[in-house]
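Enquirer: Below: sequence and its predicted model.
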Amino acid sequence: MNLDRRSFLKITATASGAFVLGVYGVPKAFGQAPRRSFNAVEPLAFVRIAPNGAVTIMAKNPEGGQGVKTHLPMLIAEELDIDWKDVQVEQADGNDKLYGFQFLGGSTATPANWETLRRVGAAWRQMLISAAAASWSVPASDCTTKAGRVVHSASGRSAGYGELVAKAATLTPPALDTLKLKEPSSFTIIGTSRGGVDNRAIVTGKPIFGIDVELPGMLHAVLHKCPVFGGKVKTANTDEIAKLPGVRKVIVVEGTLGNEKILPLNPRLEPGVAILADSWWYAENARKSLKVEWDFGQGTFQNSDAFTQQAEDALKQPFGQVVSHYGDVDGSLQSASKVIEATYAYPFLSHNSLEPQGSTASLKDGKLEVWSTTQDPAAARRLTAKITGVSESDVTIHLMRAGGSFGRRYVNDDDVEAAWLSKQAGVPVNITWSREDDMTHDSYRPSGTIALKAGLDAKGSVVAWRQHYVTFGDGKQSILQGGIDPRDFPAGYVTAYQLGMSNSIPLYIRTGPLRSPGANSQAFVYQSFLDELAHAAGRDPLDLQIEMLSRQPATGFVVQPNNPQALNPERLRGVLELVAEMSNWRKRKSEKGRGMGIAAFFTHQTYFAEVADVSVDSQNRITVHQVWAAGDVGSQVINPRAAENLTYGGIIDGISQMEQEITLLKGAVEQTNFTRQPMLRMRQAPNIKVQFRKTEYSPTGLGEPMLPPALPAVANAVFAATGKRIRTLPLKRSGFSFA
């Protein structure tokens, strides 16, 4: 069993209700940012200061639209005490020996770097002060800095950083954990809105994305793969294709897939036919003439209708295993005043990043360079080294800006393909996937089915909660991202609770993390069902959740305010109360065809609550008029404008997911482009208002946690408007669509 997103306790029960606790590890990418020594980075690598005082700061993490290329350098600039207008930002290569942990995902950038990068800036500031003090023969403690200058007030002397950098660079950087950082009250950069450092380049079409890379002598490649994952080439008209205009080489790729029942995140090189040409257009046009007879392999058994039936059958059987159990669930259900049951289902999803997968590699003289949009440079280095036989120390990963990631670029299949093809061709190779390649050979968010049963007492309080979660696996181990977190609310805040899992449905496609993994599906289920319980009890859904969060948590769910991975009920209550105030929730009026819904969730160390105002017409077409969002990311929002924009995008992304699905027929993905995998149109996008609730905790990330509540907030609003529940996604499977 894979339990994704956070490190947590597995809680199982004996018949007497005793606890058995087992610790499950999870990939660092999807959980808390790993704890690393401040001194695991090289401060000198982050900053360059020119003699004229211009400062260049290296952006350490991959940039995929979440804004880290701007807000991480802001941390350094703040403690360096430099004017932001004097800063240039460059993207660093993948090099964890210099820059420490480099990663895009899990909303880890802020919590992993909040202190470390500020200390990098403080180290440089200290070295510049020391250089000035030595030059002036004064105590360093008598010197201060301001806007790129070191000042000795007693003598009236000052010097720009550019004048001091040569001497400062010869000094040994101080130990980062010894440095005193600024008080928030003195911040001049952190907490102020700054435009993205790439904004001008983006709007003027500068070549900053992975798809833009051009190298001398480079060939462009497409890799035509079997419609069924893992299928191999039996025959192909490669000789004919090689004669087409612009085509330089055609290669049948045998691939390096294993025979695992549960596919790993990076399942190596997929088979197919590679066409290398003078341009992507030549290669893609040649692909249209390609005729391949496939050995479809083991994946043809897969059909979405069959998966639905298998899930229904599994729900009729006992749990495959009990994941979490406390209290007397059976007794509480029997004595409950009301018992509510519902089954929820959600589909496979594709990532839909606007820039499809693509990479450029050049293998020459035993040295490999890769121009990559990877979310995980260390993994890209490791995998490309392995596929080419090059030492990892001889691989350089150049990080390019990605046009969207959302978890897809954590799988480095495009880097592996480019590196392997460069080795075969003996020249640099760029591989760019078509939209159809990207959608039909993704690492999908798994589908799932959850049956829920809950009991209410005479006062309308939730006294029992049982759920049966059905996913894919071999009965012992779930597919990647097919796990479930037993500590998600309302676990711990109902009187008796049981979570069971059945994971015996086989699957042979690649699955992986999608933006806000786990939470992006579970929030829809839990928050929708809580809304059902509130209405069954005749209670305000807001009051029901606040009452639950005000309870003493169950044994094993101790409130740990200083543990960012553990739910802090006060913080979740806080965002619920704030969003209720923002939306005037308690004064909302019932109106046929129009309603408001509320939902909240804690994920990736961050708390969000959202209210949606929707109308539904006579043809069940939904218009989302307004969404209010309240977030708690701790004590500091680093770049407020960017934080708001990121929240807007996450909410729109979540609402888009309500119309999307990936289905399989005889092992092949049926959706090949946005015509069948719609994204929310601009005319359909709601007005969004965002507020952040400042709390005393260390800042956390924002790439993912605003997305999950958007789905149940809209679904609950639809119920308020129509009296009809959305229990199955996409919307069309529940009889709805967006207007």
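Expert: That came through, no problem.
Enquirer: Which positions within the helix or strand encompassing residue 163 qualify as buried?
Expert: Secondary structure assigned from DSSP states H and E places residue 163 in helix 161-168. Applying a neighbour-count criterion of 16 or more other Cβ atoms under 10 Å, one finds 161-165, 168 buried in helix 161-168. Every C-beta, even on glycine, is put in place using the N, C-alpha and C of the backbone.
Enquirer: Save the residues you listed as CSV, and put in pLDDT too.
Expert: Converted to CSV, the buried residues of helix 161-168 look like this (pLDDT from 0 to 100):
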residue, pLDDT
161, 98
162, 97
163, 97
164, 97
165, 96
168, 95
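Enquirer: quick one on the thing from earlier: format the CA atom coordinates belonging to the helix or strand just after the helix holding residue 163 as PDB.
Expert: The element immediately downstream of helix 161-168 (helix or strand, assigned by DSSP H and E) is helix 199-203. Output of helix 199-203 as PDB, limited to C-alpha atoms (Å, rounded to 0.1, in the frame of the first residue of the first chain):
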ATOM      1  CA  ASN A 199       7.400  38.600 -17.700                       C
ATOM      2  CA  ARG A 200       8.900  40.800 -20.300                       C
ATOM      3  CA  ALA A 201      10.700  37.900 -22.000                       C
ATOM      4  CA  ILE A 202       7.400  35.900 -22.100                       C
ATOM      5  CA  VAL A 203       5.300  38.600 -23.600                       C
END
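Enquirer: Which SSE is immediately downstream of helix 199-203?
Expert: Assigned by DSSP H and E, the successor of helix 199-203 is strand 219-224.
Enquirer: State the mean pLDDT of the next helix-or-strand element following that following strand.
Expert: Once the chain leaves strand 219-224, the next helix or strand it forms, by DSSP H and E, is strand 232-236. Average pLDDT, strand 232-236: 98.
Enquirer: In strand 232-236, which residues are buried?
Expert: Buried residues in strand 232-236 (16+ other Cβ under 10 Å): 232-233, 236.
Enquirer: pLDDT score assigned to the residue nearest in space to the middle of the chain?
Expert: The chain has residue 515 as the residue nearest its centroid, 3.5 Å off, counting by Cα atoms, centre = their mean. Reported pLDDT at residue 515 in the predicted model: 97.
Enquirer: give me phi/psi at it?
Expert: With angles defined as degrees, to the nearest 10, residue 515 sits at phi -30, psi 120.
Enquirer: The closest residue to it other than its chain neighbours: how many residues sit nearby?
Expert: Closest residue in space to residue 515, ignoring its immediate chain neighbours: residue 406 at 4.3 Å, by Cβ to Cβ, 6 or more residues apart in numbering. Residues lying near residue 406 (other Cβ atoms under 10 Å) number 29.
Enquirer: and residue 406, how far is that from residue 44?
Expert: 34 Å (Cβ to Cβ, to the nearest Å).
Enquirer: Equivalent analysis for residue 391, please.
Expert: In terms of Cβ to Cβ, residue 391 sits 25 Å off from residue 44.
Enquirer: Pull out the buried residues from the longest helix seen in the chain.
Expert: Identified as the longest helix of the chain according to DSSP state H is helix 109-136. Within helix 109-136, the residues that count as buried by 16+ other Cβ under 10 Å are 109-133, 136.
Enquirer: swap in stretch 334-342?
Expert: Buried residues in stretch 334-342 (16+ other Cβ under 10 Å): 336, 340, 342.
Enquirer: Is the last one in contact with residue 532, as I believe?
Expert: So the one you mean is residue 342. Yes - if you go by Cβ atoms under 8 Å, residue 342 and residue 532 touch, sitting 6.0 Å apart.
Enquirer: so what sits against both of these two?
Expert: residue 725 (Cβ atoms under 8 Å, 6 or more residues apart in numbering).
Enquirer: among the helices and strands of the protein, which has the poorest mean pLDDT?
Expert: strand 19-24 (a mean of 27; mean pLDDT, DSSP states H and E).
Enquirer: need the next SSE after it, C-terminal direction.
Expert: Heading C-terminal from strand 19-24 (DSSP H and E), you reach strand 47-49.
Enquirer: List the buried residues in that next one.
Expert: Those would be 47, 49, for strand 47-49 by 16+ other Cβ under 10 Å.
Enquirer: That strand pairs with which strands, parallel or anti?
Expert: strand 55-59 (antiparallel) (DSSP bridges).
Enquirer: right, and residue 491 touches residue 499 too?
Expert: Yes - the pair residue 491 / residue 499 is scored as a contact, 7.1 Å apart, by Cβ under 8 Å.
Enquirer: Quick check: neighbours shared by these two?
Expert: Going by Cβ under 8 Å, 6+ apart, residues that sit against residue 491 and also against residue 499 are residue 324.
Enquirer: Which parts of the stretch 501-650 of the chain are helices?
Expert: 519-536, 541-549, 569-583, 640-657 (DSSP state H, counting those that start in this stretch).
Enquirer: gap between the residue of the chain most remote from its centre and residue 232?
Expert: For the chain, the residue at maximal distance from the C-alpha centroid (Cα atoms, centre = their mean) is residue 155, at 52.7 Å. Distance, residue 155 to residue 232, using Cβ to Cβ: 77 Å.
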